[in-house]
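In: I would like the atomic coordinates for the input below:
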Amino acid sequence: MRNPTIVYLALGSNLGQRQKNLSRALRNIATELDILKYSSIYETPPWGVTEQPRFLNQVIQGTTVLPPHALLDFLKKIERKMGRVETVRFGPRVIDLDILLYGERLVNTPRLQIPHPRMHERPFVLVPLVEIEPTLVIPGQQQTITDLLRGLDQNGITRIDLQGELNG
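Out: Residues are numbered from 1 along each chain as shown. As a prediction, this is how the structure comes out:
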């Protein structure tokens, strides 16, 4: 049996009952990952295609024995089970599950890139990630994620508490 590896995953939803979608995804993820930490949920403006509903985003830290490509297949299966349909890139979706980091491992295949290639540019990923692991350094980057986040526009990102109330 393989030793468990620490992984970080990003979850996002902007269609349907967004908070319930995140909860359902977490329950499904927990069947193969031991979730160690999870961030608050953040409401964020859309990125890429801006003419779409706002997202709810969350980041989790967990451990898994699944190798990287098997983890990707597992997450894609959850997305399909929850009704995700591939449409325009960066478009609206019921659920989006991304592997941000897989231990210190670097993966660069046509299907999978780890670390996630644009995570250091995306405040909707870094804000929740900083909440759970502020001193983390992305392999290939020189700064902590907290330092990377300082250089990004965080306007429009709002933390939501568990009751769904908006907090500043």
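In: quick one: the closest residue to Ile160 other than its chain neighbours from Ser23, how far?
Out: If you skip the residues right next to it in sequence, Ile160 has Ile41 as its closest partner in space, 4.7 Å away by CB to CB, 6 or more residues apart in numbering. All C-beta atoms are positioned from the backbone trio N, CA, C, and that covers glycine. Taken as CB to CB, to the nearest Å, the spacing of Ile41 relative to Ser23 amounts to 9 Å.
In: So between the two, which is more surrounded?
Out: Looking at Ile41 and Ser23 with other CB atoms under 10 Å, you find the greater number of neighbours at Ile41, namely 23 against 15.
In: Quick check: phi and psi at that one.
Out: Dihedral pair for Ile41: phi -90, psi 140, per degrees, to the nearest 10.
In: so it makes contact with Lys20?
Out: No - in terms of CB atoms under 8 Å, Ile41 does not count as a neighbour of Lys20; the distance is 11.3 Å.
In: shared neighbours of these two, anything?
Out: Between them, Ile41 and Lys20 share no neighbouring residue, with contact defined by CB atoms under 8 Å, 6 or more residues apart in numbering.
In: can you pull up the bridge partners for Asn57?
Out: Going by DSSP bridges, Asn57 is paired in beta bridges with Gly12, Tyr42.
In: thought it was touching Leu11?
Out: Yes - here Asn57 reaches Leu11: they are 6.8 Å apart, a contact under CB under 8 Å.
In: for the closest residue to Ser39 other than its chain neighbours, phi and psi?
Out: With CB to CB, 6+ apart as the criterion, Ser39 has its nearest non-adjacent residue at 3.5 Å, and that residue is Pro128. The phi and psi values for Pro128, taken as degrees, to the nearest 10, are phi -70, psi -30.
In: How much space separates Pro128 from Gly12?
Out: In this structure, Pro128 and Gly12 are separated by 10 Å, where distance is defined by CB to CB.
In: Tell me where the protein has strands.
Out: Defined through DSSP state E, the strands belonging to the chain, from first to last, are 5-13, 34-38, 41-44, 55-64, 96-102, 107-108, 113-114, 158-160.
In: Relative to Leu148, which of those strands is closest?
Out: Each of those was scored for nearness to Leu148 using CB to CB, and the closest is strand 96-102 (12.7 Å).
In: hang on, isn't Arg93 packed against Gly12?
Out: Yes - taking CB under 8 Å as the contact criterion, Arg93 and Gly12 are neighbours in contact, 7.4 Å apart.
In: Tell me which of those two has more neighbours.
Out: For Arg93 versus Gly12, the count of surrounding residues by other CB under 10 Å is larger for Gly12: 25 against 22.
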